[in-house]
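Undergrad: coords below, sequence missing:
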């Protein structure tokens, strides 16, 4: 919970006089006539375009958040721990990575190969429009030698003719992410596609993920 905040001497749009705004947990708790003079700041209605991808967000709750991780040693420690609690044979997934995760050089499969060795790994960037996969994941997905993934997306190829590990946009990223236990179904809604051949057990798993995402929204005060 955040500290209460008092903003004194505010002019409200469409109202005469000055008011004091009392904030609690980031929300206006009360508006009262100003106790004394103030700077006569103008308070206008605000608009914030916020949205949530519940299914994808629910899947991410089971992945390693790398938003505060920088440097190869810290990254290795974070991923080794997450790999240790990821069932053997499953894709090791992380998200929230900054583009300077490994300093001035962009992550590539060679750098990722040194992190959790012999485990397929996919790291999604903080903007969710780019991902990096290691050699094991690229090979599993059939992308090591590149692939056509449609306009606007790209499997980046290096000078050696092999994939660098960088996957740009959803069509490229999904070729790896569909190997995860979620089957990549969490992104199909973006293109209004219905998954095929989903078992009852997979449906139940998907519903549990959505339930967890809704519970997290409720915990954060989103109703």
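TA: Arrived safely, thanks for sending. All values derive from a computational prediction rather than experimental measurement.

Undergrad: Now do the same contact list for the residue located most distally from the centre of the chain.
TA: Seen from the C-alpha centroid of the chain, the residue lying at the greatest distance (Cα atoms, centre = their mean) is residue 36, 45.2 Å away. By Cβ atoms under 8 Å, 6 or more residues apart in numbering, the residues touching residue 36 are 8, 9. Any C-beta I mention is one placed from the backbone N, CA and C, and that applies to glycine too.

Undergrad: Residue 82: neighbouring residues, count only.
TA: 20 (other Cβ atoms under 10 Å).

Undergrad: Actually, residue 122.
TA: For residue 122, the neighbour count with other Cβ under 10 Å is 25.

Undergrad: and what of the one 4 residues further on?
TA: Using other Cβ under 10 Å, residue 126 has 15 neighbouring residues.

Undergrad: quick revisit: checking the residue farthest from the centre of the chain next. Helix, strand or coil?
TA: coil (DSSP: H, G, I helix; E, B strand; the rest coil).

Undergrad: So which helix or strand of the protein has the lowest pLDDT on average?
TA: Using mean pLDDT, DSSP states H and E, strand 41-43 stands out as the lowest-scoring helix or strand of the chain, at a mean of 58.

Undergrad: Quick check: residue 116 is in a helix.
TA: No: Residue 116 is assigned coil when assessed by three-state DSSP, not a helix.

Undergrad: quick one: contacts for it?
TA: By Cβ under 8 Å, 6+ apart, the contact set of residue 116 is 79, 80, 83, 92.

Undergrad: same thing with residue 96?
TA: Contacts of residue 96 by Cβ under 8 Å, 6+ apart are 60, 65, 66, 67, 124, 126.

Undergrad: Not counting sequence-adjacent ones, nearest residue to the second one?
TA: Put plainly, it is residue 65. Once flanking residues are discounted, residue 65 sits nearest to residue 96: 4.8 Å by Cβ to Cβ, 6 or more residues apart in numbering.

Undergrad: can you confirm the one you found is in a strand?
TA: Yes: Residue 96: assigned to a strand according to three-state DSSP.
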